[in-house]
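# got a structure for you, letters missing:
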């Protein structure tokens, strides 16, 4: 399998991270972000959590600060859209996306999968594709009780050290989620091990994405 590198050591990479909820970005792409930083990529990150009210907003900001501690630039936005009701708030969320388009022009976007089982996640994906027509979009996956994991087509090998740090940060920051049966280190490490097996990752772990359009120059 041939590897395609988005940026090398010392090169700047602008990333827009979009999550419906406070832990989505970290679960879906936290290892990828940590790996880019470990590789010496100069990350410029705009991090947006659309449903980040009260305690979950506090968690989101603290987690983003830790995950992006070594980034050259970071901006973190937490918004107050109602958890579980994104389709019913479509007009307001669409207006926010249109305003966002005028503020950012990233090299790559990390966002939810189109066929994710959570309605909020699907709404974010729909508006990402509706708003950002000329960008590379990596759709990340989130394990949950829906059983909606699919067949990804792009993999990011993650070192064991980076994977363990991702899980440690998840456990440290998201106390509101620990009561959920699926939210534990075994879930996150197990999925990463499976994806690492699929792409023959050097250190056995990987995160996986769906890419629907890719232009190779």
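Right, received. Where do you want to start? Everything numeric in this text was worked out from a predicted model, so none of it was measured. Numbers count the residues shown, from 1 in each chain.
# other SSEs contacting the least confident helix or strand in the chain by mean pLDDT?
Lowest on mean pLDDT, DSSP states H and E among the helices and strands of the chain sits helix 54-67, with a mean of 93. Where contact means 3 or more C-beta pairs under 8 Å, 6 or more residues apart in numbering; DSSP states H and E, helix 54-67 is packed against helix 24-38, strand 42-49, strand 73-78, helix 160-173. The way it works is simple: take the backbone N, C-alpha and C, and place the C-beta from them, glycine included.
# and the third one, what's buried?
In this case it means strand 73-78. 74, 76, 77, 78 (16 or more other C-beta atoms under 10 Å).
# format the helices and strands packed on helix 54-67 as TSV; extra columns: mean pLDDT and distance to residue 67.
Below are the helices and strands packed on helix 54-67 laid out as TSV (pLDDT from 0 to 100; distance: least, C-beta to C-beta, whole Å):
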stretch	mean pLDDT	distance to residue 67
helix 24-38	98	6
strand 42-49	98	8
strand 73-78	97	9
helix 160-173	97	6
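# what's the closest of those to residue 196?
Smallest distance to residue 196 across these (C-beta to C-beta): 8.7 Å, for helix 160-173.
# what angle do the closest one and helix 24-38 make?
Counting by axes from the mean of the first three to the mean of the last three C-alpha atoms, to 10 degrees, helix 160-173 lies at 140 degrees to helix 24-38.
# and helix 160-173, how far out from the chain middle?
Centre-to-centre, helix 160-173 and its host chain are 14 Å apart (C-alpha atoms, centre = their mean, to the nearest Å).
# next SSE downstream of it?
Note on helix 160-173: by DSSP states H and E, the next helix or strand toward the C-terminus is helix 185-199.
# now for that following helix, which elements pack on it?
strand 154-158, helix 160-173, strand 205-210.
# most tightly surrounded among these?
Highest mean neighbour count of those: strand 205-210, a mean of 26 (counted as mean count of other C-beta atoms under 10 Å).
# could you say what helices and strands it packs with?
Using 3+ C-beta pairs under 8 Å, 6+ apart, strand 205-210 sits against helix 24-38, strand 136-140, strand 154-158, helix 185-199.
# one more time with 6 Å
strand 136-140, strand 154-158, helix 185-199 (3 or more C-beta pairs under 6 Å, 6 or more residues apart in numbering; DSSP states H and E).
# in its sheet, what does it sit against?
If you go by DSSP bridges, strand 205-210 pairs up with strand 136-140 (antiparallel), strand 154-158 (antiparallel).
# gap between that strand and the chain center?
11 Å.
# cool, stretch 1-21 as well?
For stretch 1-21, the distance to the chain centre is 11 Å (C-alpha atoms, centre = their mean).
# stretch 24-38 now?
Chain-centre distance of stretch 24-38: 7 Å, with C-alpha atoms, centre = their mean.
# return the set of buried residues in that stretch.
24-37.
# and residue 177, what does it touch?
23, 183 (C-beta atoms under 6 Å, 6 or more residues apart in numbering).
# returning to what we had before: distance to residue 87 and mean pLDDT added to the strands paired with strand 205-210, as TSV?
Putting the strands paired with strand 205-210 into TSV (distance: least, C-beta to C-beta, whole Å; pLDDT from 0 to 100) gives the following:
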stretch	distance to residue 87	mean pLDDT
strand 136-140	18	98
strand 154-158	27	98
